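A.B. asks: Okay, predicted coordinates and the sequence, questions at the end:
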Amino acid sequence: MPIVLFITAAIGGALNAVAGGGSFFTLPALIFAGVPAVAANATSTLALWPASVGSTFAYRGDIKTSRQWLLVLGVTSLAGGFAGALLLVRTSDSSFLRLLPWLMFIAAATFTFGNRIRQATAHTGHASLPVVAILQLFIAAYGGYFGGGMGIMMLATMALAGMTNIHEMNGLKSFLGVAINGFALATFIITGTISWRYGLAMAVGATLGGYSTAAFARRLDPRYVRWFVIVVGWGMTIYFFVR
């Protein structure tokens with residue numbers, strides 16, 4: 001089973017490097033391996049976080065947002081991520097399993113219609129800093145609790161704020177995602193929620209998967225990878241509804 005989880009994490013890391021959606025693979029795999037639901041979600045965060053740090057470093061030159069935006073969104077992201085993580089560790093496994101199909105549904109729907117959502121928000125007028133900060137707080141809390149589709153939600157919020165440079169938006173999204181999941185991960189570690197038996201090996205697998213596919217990913221048509229993730233995402237959503 002550890003080898004299967006290592007390979008699954010490598011696939012998740014590779015998909016995150018191309019289109020996102022790696023948690024559609026890592027979280028169900030951990031649950032199938034018998035890890036309790038809350039610990040599985042926390043361990044999935046551990047598995048995918050190191051690779052996301054590398055992505056953020058690659059985008060460092062594109063983060064040209066004003067210091068005011070960066071500071072406000074950074075603080076709200078940390079606060080929201082911490083709140084979401086605390087809520088998760090206080091959720092029973094049975095309650096989380098009842099919520100999981102709906103969380104997967106939100107993630108799958110957001111991933112499927114994310115581009116349309118981002119385009120729609122880009123044409124609704126520019127939101128003020130306080131409004132964007134509040135939206136980011138709720139997104140970060142969702143990210144600390146579960147996180148599927150969080151990146152697309154942040155891109156939509158940035159479009160609502162009037163940002164148009166997709167590279168800058170991706171860089172800021174990556175930076176905020178690392179902050180949210182990093183704070184959540186620290187909470188999971190302190191509270192003993194991580195399944196270390198599988199977590200470290202999966203983190204290595206996801207990092208290797210993301211790194212080793214970086215050059216190959218540039219030659220892939222992201223649409224095909226995205227559709228593959230969408231099919232898996234909806235398949236997992238249906239499975240957890242009927243199980």
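C.D. replies: Looks like it came in fine.
A.B. asks: Lowest average confidence across helices and strands of the protein, where is it?
C.D. replies: helix 214-217 (a mean of 58; mean pLDDT, DSSP states H and E).
A.B. asks: Quick one: mean pLDDT for the longest helix along the chain?
C.D. replies: In the chain, assigned by DSSP state H, the helix with the most residues is helix 93-121. Taken as a whole, helix 93-121 carries a mean pLDDT of 86.
A.B. asks: May I see the buried residues of that helix?
C.D. replies: Neighbour counts over helix 93-121 (16 or more other C-beta atoms under 10 Å) mark 96-97, 100-101, 103-112, 114, 117-118, 121 as buried. In this view, the C-beta of every residue, glycine as well, is placed from N, C-alpha and C.
A.B. asks: what do you get for stretch 17-37?
C.D. replies: Residues 17-31, 33, 35-37 are the ones in stretch 17-37 that count as buried (16+ other C-beta under 10 Å).
A.B. asks: and it, how far out from the chain's middle?
C.D. replies: Distance, stretch centre to chain centre, for stretch 17-37: 11 Å (C-alpha atoms, centre = their mean, to the nearest Å).
A.B. asks: what do you get for stretch 43-55?
C.D. replies: Chain-centre distance of stretch 43-55: 9 Å, with C-alpha atoms, centre = their mean.
A.B. asks: Any buried residues in it, and which?
C.D. replies: Within stretch 43-55, judged by 16+ other C-beta under 10 Å, the buried ones are 43-55.
A.B. asks: One more: stretch 81-88?
C.D. replies: Those would be 81-86, 88, for stretch 81-88 by 16+ other C-beta under 10 Å.
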